[in-house]
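Engineer: Give me the fold of what follows.
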Amino acid sequence: LLMQVYDWTRTLGEARGAVRALTAQRDTIKSELGDAGADSLNARVTRLSGDVGRAFNAVNGQRAPIEGWSGLPSADQRKSLEFALDDARAATAELNRLVSTDIPAAYKAAGKTWSRPVSRVQPPAGGGGATR
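Structural biologist: Numbers count the residues shown, from 1 in each chain. Predicted coordinates for the structure are as follows:
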């Protein structure tokens, strides 16, 4: 379980960087796509920023209790980690959908090209276990 925490913490750190890059582009996206095209995307970026931050804190917060536990992780620790990983999976999926599909589609619909695309974030191999 501890490797999942480390892997997802690294992935969510990359996701935070990607969200920061999107946040830095909000004004550019708005000027290039106009209010109608950009407002929805920018609202999603804002919401995603909070989701990624909460997922990072939730996953990273599982590290100390698991490391400090002398035996195998308890059922409660495993359950808490699974909830945190579910949130991490959802946040990275939304980020990847936004940067690989939705923003490029909005630019294409406007007859433009996204000049500073943000890369997808690769989730850890195996996805990190069961879902809620």
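
Engineer: Can you name every helix or strand that the longest helix belonging to the chain contacts?
Structural biologist: Assignment by DSSP state H gives helix 26-60 as the longest helix of the chain. Where contact means 3 or more CB pairs under 8 Å, 6 or more residues apart in numbering; DSSP states H and E, helix 26-60 is packed against helix 2-24, helix 75-97, helix 103-109. No exception for glycine: its C-beta is placed from N, CA and C like everyone else's.

Engineer: would you list those helices in CSV and tack on mean pLDDT, mean neighbour count and distance to Leu41?
Structural biologist: Shown next, in CSV, are these (pLDDT from 0 to 100; neighbours: other CB atoms under 10 Å; distance: least, CB to CB, whole Å):
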stretch, mean pLDDT, mean neighbour count, distance to Leu41
helix 2-24, 95, 18, 9
helix 75-97, 94, 18, 12
helix 103-109, 95, 16, 6
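
Engineer: For the ones you listed, give me CSV that also has distance to Gly68.
Structural biologist: Converted to CSV, the helices and strands packed on helix 26-60 look like this (distance: least, CB to CB, whole Å):
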stretch, distance to Gly68
helix 2-24, 11
helix 75-97, 10
helix 103-109, 41
